[in-house]
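Trainee: Any chance you could fold what I've pasted below:
(one chain, ligands or ions: 1)
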Amino acid sequence: MPNNKKRNKNKKRKRNEREERQQPTIHPRNKYSEKPPDFHLLASLYPCFEQFVFYTRDGRAKIDWTDFNATRELTRVLLQHDHGVKWWIPDGQLCPTVPNRSNYIHWIEDLLSSDIIANAKTTGEKVRGFDIGTGANCIYPLLGASLLGWSFVGSDVTDVALEWAGKNVNNNPHISDLIEIRKASNAQKTSKEDVDNQLLSDENKPSSGGSTKEEAESVASKLEVVASELKKDESGQPVLLGVVKNGEHFDFCMCNPPFFETMEEAGLNPRTACGGTPEEMVCPGGEMAFIMRIIDDSVALKQSFRWYTSMVGRKANLKGLVSKLWEAGVSIVKTTEFVQGETCRWGLAWSFLPLTKKLLTSHVTEKRNLSFMLEGIQRQFSAIHVLKSVESHFLASGASCKSNPSLFAVDVTPSTEYCDSILNYGVRNIDETSSGQLSDETNLMAELGFRITVFQQIPGTLLLKGSLQHSGSQLTGAFSLMVQQLENALKKEFCRET
Ligand SMILES: C[S@@+](CC[C@H](N)C(=O)[O-])C[C@H]1O[C@@H](n2cnc3c(N)ncnc32)[C@H](O)[C@@H]1O
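Mentor: Numbers count the residues shown, from 1 in each chain. Here you go, the predicted structure:
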């Protein structure tokens, strides 16, 4: 092939790769993944929507995304037409886009069906979720209940949100039994004096005869509650602690937090008009402070939830949140990216439940090179999507990653916390007596760097290879467990049947 032809071909390939990488991804089970909403059809069926639809010169039906009334009417007709849900919000309240919000629901569905952590539920038992800050739009409970039959508690703090969320639930008698709207109020607020008195009276109590470790754990857990209570006092409203009732259990919590510290920051996207009042968009310290409060509450509530999740608005905040989570002693962290029109959001999930034995005890090999195949990859995904997902999988564990898209490779250096956690769970489950080995292995952490490379096989099949970078590394066990976890996660995300 002549040189310039080859160059052009290479350029074209690179451009395609770039475009593919930038292509918005929508969850494959999302109703709109194959076919976006058809504005022309909706306009012909719903006269109230028709007035907002105009046609481009090439005949495409469009709406003006900067018109709040148009976006609200679109949400109303999509909920009615595709979900059988009656819905409305007052002027100015945050208006959700249905396809985007559905992605978060489907991601939670994936987390719940994955076998990374134990599931005590029997088949057919209803999934129960908690939506922190459900808003007047109550979008997540309405979608979760209508799409998947999940039950929800939706909490909020403002009167308008509580009133309209209630109306949106009551206007849908077919799912209203599944949704409870709950005020996150300070009614059960604990003062510092209450907490001090409680600790003092505990100190004066005769010892129950429990072991020192148990006593220490109980004091530690009380201190966590104290810290969380005091934080809650500074920032006003409770988030989970004090809103979740004693003895309640949930499969997950979710949250689209107030992302911003000021309304100026919130109004930075002039291309859309989704509304949003200061109460909905802003909180002291922005999303970082809000999600930190969810993390603090999760430390106190631990296994009352199988999965804790939150949306994150800024990628830069993810790293800090992930390291905070590992410090807090979680057993697993997962992240994902949601593409919402022209903006990106991230999903963050964590759990305190132990990782399943199935994952951990299956042969921990001593190999320095490991590989696995991904077969039956759904056709909208390519090697680039998988490579990106490898990177976010390890970033979520606090690793540092260097991606090299031209080699289809990611170099990974895991964090000490991730190695600790994987070795703790892995080694303990494999051999109770080998805990001495654990600390030796932990000291060798600096050596554990590896490369994951993605190879295209036939269409729909990829081969992934992991190779330890240091030939002398003694951490083959941890490496093997990490590759196993990666394999499980990728199969769940990309393959039709796992
Ligand atoms: C960005 S809005 C999200 C609304 C809706 N979930 C959505 O996705 O469109 C954030 C919501 O959190 C509520 N909120 C703020 N602080 C809260 C707290 N401590 N507990 C519960 N909700 C809170 C606000 O009133 C607002 O309705």
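Trainee: Where does the stretch 101-250 of the chain get nearest to the ligand, which residue?
Mentor: Nearest residue of the stretch 101-250 of the chain to the ligand (Cβ to the nearest ligand atom) works out as Gly133 at 2.3 Å. Using the backbone N, CA and C atoms, a C-beta is placed for each residue, glycine as well.
Trainee: pretty sure that residue is touching Val153, no?
Mentor: No: using Cβ atoms under 8 Å, Gly133 is not in contact with Val153, being 11.9 Å away.
Trainee: Which one of those two is surrounded by more residues?
Mentor: Shown here are Gly133 and Val153; by other Cβ atoms under 10 Å, Gly133 has more neighbours (25 against 21).
Trainee: Please enumerate the helices of the stretch 351-498 of the chain.
Mentor: With DSSP state H, counting those that start in this stretch applied, the stretch 351-498 of the chain shows helices at 357-361, 383-395, 416-430, 435-443, 476-494, listed in chain order.
Trainee: Mind telling me which of those helices the model trusts least?
Mentor: Ranked by mean pLDDT, those bottom out at helix 435-443, with a mean of 30.
Trainee: The ligand versus Leu325, what's the distance?
Mentor: 20 Å (Cβ to the nearest ligand atom, to the nearest Å).
Trainee: Touching, that residue and Asp296? I think so.
Mentor: No: with contact defined as Cβ under 8 Å, Leu325 does not reach Asp296; the gap is 11.2 Å.
Trainee: and Pro90, how many neighbours does it have?
Mentor: As a burial measure, Pro90 scores 13 neighbours (other Cβ under 10 Å).
Trainee: ok, it touching Ala165?
Mentor: No: assessed by Cβ under 8 Å, Pro90 is found out of contact with Ala165, at 11.9 Å.
Trainee: List the contacts of His106.
Mentor: When contacts are counted by Cβ atoms under 8 Å, 6 or more residues apart in numbering, His106 touches His27, Arg29, Asn30.
Trainee: got these as TSV, with neighbour count and pLDDT columns?
Mentor: As requested, the contacts of His106 are arranged in TSV below (neighbours: other Cβ atoms under 10 Å; pLDDT from 0 to 100):
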residue	neighbour count	pLDDT
His27	20	87
Arg29	15	90
Asn30	18	90
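Trainee: Any residues of the stretch 201-350 of the chain in contact with the ligand? List them.
Mentor: Gln237, Val239, Asn256, Pro258, Glu279, Glu280 (Cβ under 6 Å from any ligand atom).
Trainee: Kindly provide the distance from the first one to Tyr140.
Mentor: For Gln237, the distance to Tyr140 (Cβ to Cβ, to the nearest Å) stands at 19 Å.
Trainee: Please apply the same query to the third one.
Mentor: Taking Cβ to Cβ as the measure, Asn256 falls 8 Å from Tyr140.
Trainee: quick one: pLDDT of Ser397?
Mentor: Model confidence at Ser397 (pLDDT) stands at 83.
Trainee: Just give the nearest non-adjacent residue to it, would you?
Mentor: Tyr418 (4.1 Å; Cβ to Cβ, 6 or more residues apart in numbering).
Trainee: burial measure for the one you found, as a count.
Mentor: Neighbours around Tyr418, by other Cβ under 10 Å: 23.
Trainee: Let me see the contact set for it.
Mentor: Trp326, Ser397, Gly398, Ala399, Met482.
Trainee: Correct me if wrong: Ser351 contacts Ser304.
Mentor: No: contact between Ser351 and Ser304 fails when scored by Cβ under 8 Å: they sit 11.4 Å apart.
Trainee: neighbour count winner among the two?
Mentor: In this view Ser351 and Ser304 are compared by other Cβ under 10 Å, and Ser351 has more residues nearby, 25 against 20.
Trainee: Now do the same contact list for that one.
Mentor: With Cβ under 8 Å, 6+ apart, Ser351 has these contacts: Ile117, Phe305, Arg306, Trp307, Tyr308, Val330, Ser331, Ile332.
Trainee: can you check Leu395 too?
Mentor: Shown in contact with Leu395 (Cβ under 8 Å, 6+ apart): Leu318, Lys319, Val322, Thr335, Cys401.
Trainee: who does the last one bridge with?
Mentor: What that stands for is Cys401. Val412 (DSSP bridges).
Trainee: Rounded mean pLDDT for stretch 93-110, please.
Mentor: 94.
Trainee: Only the C-alpha atoms, please, for it, written as PDB.
Mentor: Below are the C-alpha coordinates for stretch 93-110, written out as PDB (Å, rounded to 0.1, in the frame of the first residue of the first chain):
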ATOM      1  CA  GLN A  93     -38.300  22.900  40.400                       C
ATOM      2  CA  LEU A  94     -35.600  20.600  39.100                       C
ATOM      3  CA  CYS A  95     -36.800  18.900  35.900                       C
ATOM      4  CA  PRO A  96     -35.300  15.400  35.400                       C
ATOM      5  CA  THR A  97     -34.500  14.000  31.900                       C
ATOM      6  CA  VAL A  98     -36.000  10.500  31.900                       C
ATOM      7  CA  PRO A  99     -33.300   8.600  29.800                       C
ATOM      8  CA  ASN A 100     -30.500  10.000  32.000                       C
ATOM      9  CA  ARG A 101     -32.100   9.200  35.300                       C
ATOM     10  CA  SER A 102     -32.900   5.700  34.000                       C
ATOM     11  CA  ASN A 103     -29.200   4.900  33.600                       C
ATOM     12  CA  TYR A 104     -28.600   5.300  37.400                       C
ATOM     13  CA  ILE A 105     -31.600   2.900  38.100                       C
ATOM     14  CA  HIS A 106     -30.100   0.300  35.700                       C
ATOM     15  CA  TRP A 107     -26.700   0.600  37.200                       C
ATOM     16  CA  ILE A 108     -28.100  -0.200  40.600                       C
ATOM     17  CA  GLU A 109     -29.900  -3.100  39.100                       C
ATOM     18  CA  ASP A 110     -26.500  -4.400  37.900                       C
END
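Trainee: Just give me how far that stretch sits from the chain centre.
Mentor: Per Cα atoms, centre = their mean, to the nearest Å, the displacement of stretch 93-110 from the mean C-alpha position of its chain is 11 Å.
Trainee: anything in it near the ligand?
Mentor: Yes: Stretch 93-110 lies within reach of the ligand by Cβ under 6 Å from any ligand atom, at Leu94, Pro96.
Trainee: Domains in this structure, by residue range?
Mentor: Domains of the chain are assigned by automatic domain parsing as 88-195+215-353, 357-494.
Trainee: weakest of those domains by average pLDDT?
Mentor: Minimum mean pLDDT among these: domain 357-494, a mean of 73.
Trainee: So for the closest residue to Gly376 other than its chain neighbours, what's the pLDDT?
Mentor: Leaving aside its sequence neighbours, Gly376 sits nearest to Arg496 (Cβ to Cβ, 6+ apart; 4.3 Å). The score at Arg496 is 75. That number is its pLDDT.
Trainee: Touching both of Pro90 and Ala165, which residues are there?
Mentor: In contact with both Pro90 and Ala165: Ala136, using Cβ under 8 Å, 6+ apart.
Trainee: can you give me the helices in the stretch 151-300 of the chain?
Mentor: Counting by DSSP H, counting those that start in this stretch, the helices of the stretch 151-300 of the chain are 159-170, 192-204, 212-235, 263-266, 278-281, 286-301.
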